[in-house]
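Colleague: Okay, here's the prediction I keep looking at, along with the sequence it came from:
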Amino acid sequence: MEFLRGILGLSNQPEENRDDSETEEVPTTGPDTAMADEAEVEPDTDTAVADEAEVEPDTAVADEVPQSKPLPRQVPNSAGGFSWQVDDMKRLKRFLCLGSEKGTYYIGEKKLGKENAEAILRLIAAGRGQEVVGEIVTFSVEGRAAKQNPIIFALALCARDKDVETKRAAYAALGRVCRIPTHLFTFIEFCESLSVGTGWGRAHRTAVQQWYNSKTPKSLAMAVTKYRQRGGWSHLDVLRLAHVKPVNPGVACVCKYIVKGMDECRTEFAGQNAEIDETLAFLEVVEAAKTADKATVIGFIRENGLVREHIPTNHLSSQHVWAALLEKMPMTAMIRNLGKMSAIGLLKPLSSHAALVCQKLGDENLLHRARIHPFNVLVALKTYESGRGEKGKLTWQVNQSVVSALDAAFYMTFKFVEPTGKRFLLAIDVSGSMCSPIMGSNSVTCRVGSAAMAMVTARTESNYHMVGFSQQLVPLKIHGRMALAEAVKTIDRIPMGGTDCAQPMIYAQRKKLEVDVFIVYTDSETWAGKVHPSKALKQYREAMGIDAKLIVCGMASNSFTIADPEDAGMLDMAGFDSAAPEVIRSFATGEI
């Protein structure tokens, strides 16, 4: 449970599991101290990244408040500047979407996780615990978060709180949030780490019992054989500690298999009814697959629905085995194994198997039913097109048709919205602090993620202008029909600098651009400007006579925002929420 150990350093953890390392002190002048403030941004002549570097003139007047000084109600951010602090509910949403894995450029993973946990506890203490659980369930069920660990941790925190109503709501939601055994084991581990005692009180045991008893015998048999153990927990451990009492013979049959094995299970339950016999037959096949030859295993896959986790390792280098698995492979597993299938030669160009993969990736209904999150598709795209895994030594020949299918799938995983017809300026923060990873991914940084999110709006809206900024601003030749991979590469080539989130509004005013909505994709660690972003927006409104709005798309789960919480025309939202297009549309049209 590195996720938990890395973010909390709880007092009841074993001493050898604590992370007592201190976060390295970061200079308050920002991540670009080695770069000259006046560094020129050279246009890329091969791809025409920018028309020209837009270095804004120093037009600050004597009474203007620079970003190194606070406006009323602002707090110091981590870069040496000042921003507003998001409220705890917005912080919760950022955490559910983005987690705290690997921290940010300025804040270590442990400190960031602890801050988010404290925000959740403050919400519960304020009597909003059931509201917190409601948000957790919504993000999980609607597939709005890329990773389950932050969601499960937040649920465990609610389940372990002393507030009775919050605890009751959290345990009632266990089955909806923890849908597979891996999630259940993770929840149990979090609860153990958060508890002073054993953690197996009546409410905890009852909720875990209900998790097993709520499933049909066949679905439970599939779950316990596909996900046998995780993080030191097994089903045998959980059944023993939860004192699970099966509510029907079918569940009892599977529990007997877990505790006593196939022979005793068969002896006690064979012939009782058709449902149990079907379950026993499936369990028999799972056991037989452990020693079966390749041809037999392929038959088991096609006739009995065995999945990759049921297949012995010695058969997982066979094209024929993977071809059989691919026929009914769940979408998440398929996306995760694209590299492996290419490495063994299954996804060769023009092959029927590559065509099947592309067909599945192009099925919007299938993507939504599988709760595929856009971030996971982006990670798959970045990893697959690299031709090698993030970890290990696996390499493969890239099939460009698969890359194109992943590109299209990324956009389909967002909820579709109608275009607003508004005029958008999409501003991507490309400063040094935006090079930190999102959600622990080595392949997707905040700036890459920002480019991908901006492309979603560019695909939806016809009237937009896209720029990249740090201490200076670069108009970008990125358009909505461009391949996502090419747009990301374009952003990656822009030089980094300090952070001045006022640049988009200053640029629009100086160029006299008519903008209805500014969307700034940033970590809000702004510090380098002569004027605060909120003031720059107000100056733009006055100069242009347009009641322009500002949406801040937060790309890190810190507590900062450049959106003034008392200005109804400014909105802070969590980056990589799959519902982001709908939030943007509703705010731009005045519905929220």
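Modeller: That came through fine. Numbers count the residues shown, from 1 in each chain.
Colleague: elements contacting the helix or strand containing Ala452?
Modeller: Here Ala452 sits within helix 446-460, counting by DSSP states H and E. Applying 3 or more CB pairs under 8 Å, 6 or more residues apart in numbering; DSSP states H and E, we find helix 446-460 packed against helix 374-386, helix 400-412, strand 424-429, strand 464-469, helix 484-492, strand 517-522, helix 580-588. All C-beta spots, glycine's among them, are computed from the backbone N, C-alpha and C.
Colleague: again, 10 Å this time
Modeller: Other elements packing on helix 446-460 under the criterion 3 or more CB pairs under 10 Å, 6 or more residues apart in numbering; DSSP states H and E are helix 374-386, helix 400-412, strand 424-429, strand 464-469, helix 484-492, strand 517-522, strand 549-554, helix 580-588.
Colleague: Thought Gly261 was touching Glu284, still the case?
Modeller: No - using CB atoms under 10 Å, Glu284 is not in contact with Gly261; the gap is 12.0 Å.
Colleague: send the alpha carbons of stretch 214-223 over as CSV?
Modeller: The C-alpha coordinates for stretch 214-223 follow below in CSV (Å, rounded to 0.1, in the frame of the first residue of the first chain):
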residue,chain,number,x,y,z
SER,A,214,-24.6,-9.5,-2.7
LYS,A,215,-23.1,-11.4,-5.6
THR,A,216,-24.4,-14.3,-7.7
PRO,A,217,-22.5,-17.6,-7.2
LYS,A,218,-21.0,-17.5,-10.8
SER,A,219,-20.0,-13.8,-10.6
LEU,A,220,-18.4,-14.4,-7.1
ALA,A,221,-16.5,-17.4,-8.5
MET,A,222,-15.2,-15.3,-11.3
ALA,A,223,-14.2,-12.5,-9.0
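Colleague: from now on call the first residue 53
Modeller: Sounds good: first residue 53 from here, last item stretch 266-275.
Colleague: The closest residue to Glu316 other than its chain neighbours: which element?
Modeller: In space, and not counting its chain neighbours, Glu316 is closest to Lys308: 6.2 Å by CB to CB, 6 or more residues apart in numbering. Lys308 is part of helix 301-312 when elements are defined by DSSP H and E.
Colleague: For that helix, name the packing helices and strands.
Modeller: When contacts are defined as 3+ CB pairs under 10 Å, 6+ apart, helix 301-312 sits against helix 254-265, helix 269-278, helix 287-294, helix 314-321, helix 326-341.
Colleague: Can you tell me which of those is nearest to Ala595?
Modeller: Evaluated over these, closeness to Ala595 peaks at helix 254-265, with 57.9 Å, by CB to CB.
Colleague: Helix 301-312 and the closest one, what's the angle between them?
Modeller: If you take axes from the mean of the first three to the mean of the last three CA atoms, to 10 degrees, helix 254-265 sits at 110 degrees to helix 301-312.
Colleague: Now helix 254-265: buried residues?
Modeller: In terms of neighbour count (16 or more other CB atoms under 10 Å), helix 254-265 has its buried residues at His256, Ala259, Val260, Gln261, Gln262, Trp263, Tyr264, Asn265.
Colleague: And for stretch 424-436?
Modeller: 424-436.
Colleague: Under the pLDDT cut-off, which ranges of this protein? List them.
Modeller: Counting by pLDDT under 70, the chain has low-confidence residues at 53-115, 152-164, 249-251, 491-492, 579-580, 609-611, 644.
Colleague: and the helix holding Ala504, how far from the chain's centre?
Modeller: 15 Å (CA atoms, centre = their mean, to the nearest Å).
Colleague: now do stretch 423-433
Modeller: 8 Å.
Colleague: And the most centrally placed residue in the chain, how far from Val431?
Modeller: When CA atoms, centre = their mean is applied to the chain, the residue found nearest the centroid is Ala198 (2.8 Å). According to CB to CB, to the nearest Å, Ala198 and Val431 sit 8 Å apart.
Colleague: how deep is the residue nearest to Tyr279 when sequence neighbours are not counted tucked in, by neighbour count?
Modeller: With CB to CB, 6+ apart as the criterion, Tyr279 has its nearest non-adjacent residue at 3.8 Å, and that residue is Pro233. When counting by other CB atoms under 10 Å, one arrives at 23 neighbours for Pro233.
Colleague: so who does Leu589 touch?
Modeller: Leu589 sits next to 554, 556-558, 560-561, 567, 570, 572, 600-602, 614-616, 619, 621-622 when contact means CB atoms under 10 Å, 6 or more residues apart in numbering.
Colleague: And it, how close does it get to Ser247?
Modeller: The value you get for Leu589 to Ser247, if CB to CB is used, is 47 Å.
Colleague: Might you report the residue contacts of Pro556?
Modeller: Pro556 touches 477-481, 517, 519-521, 525, 565, 567, 570-572, 574, 585, 588-589, 592, 602, counting by CB under 10 Å, 6+ apart.
Colleague: Filter these down to the buried ones.
Modeller: 477-481, 517, 519-521, 525, 567, 570-572, 574, 585, 588-589, 592, 602.
Colleague: now, among the buried residues of stretch 424-436, which is nearest to Val454?
Modeller: Nearest member of the buried residues of stretch 424-436 to Val454, counting by CB to CB, is Tyr436, at 6.5 Å.
Colleague: What is the burial count for the closest residue to that closest one other than its chain neighbours?
Modeller: Distance criterion CB to CB, 6+ apart; nearest residue to Tyr436, sequence neighbours excluded, is Leu390 at 5.1 Å. By the measure other CB under 10 Å, the count of residues near Leu390 is 25.
Colleague: okay but Leu390 is in contact with Leu413, surely?
Modeller: Yes - contact criterion CB under 10 Å: Leu390 and Leu413 qualify, at 9.3 Å.
Colleague: Overlap of the contact sets of those two?
Modeller: Common contacts of Leu390 and Leu413 (CB under 10 Å, 6+ apart): Ala432, Val454, Ala457, Leu458.
Colleague: Can you say which two of those residues are spatially most distant?
Modeller: The most widely separated members of the shared contacts of Leu390 and Leu413 are Ala432 and Ala457, with 10.4 Å between them, by CB to CB.
Colleague: Now the common contact residues for those two.
Modeller: Leu390, Leu413.
Colleague: Quick one: list the elements packing against the helix or strand hosting Leu175.
Modeller: Assessed by DSSP H and E, Leu175 sits inside helix 161-177. Using 3+ CB pairs under 10 Å, 6+ apart as the contact test, the elements touching helix 161-177 are helix 54-59, helix 140-150, helix 181-193, helix 201-211, helix 216-224.
Colleague: Distance from it to the middle of the chain?
Modeller: Helix 161-177 sits 18 Å away from the centroid of its parent chain (CA atoms, centre = their mean).
Colleague: cool, stretch 213-229 as well?
Modeller: Counting by CA atoms, centre = their mean, stretch 213-229 comes out at 23 Å from the chain centroid.
Colleague: Can you get me the start-to-end distance on it?
Modeller: 18 Å (CA to CA, to the nearest Å).
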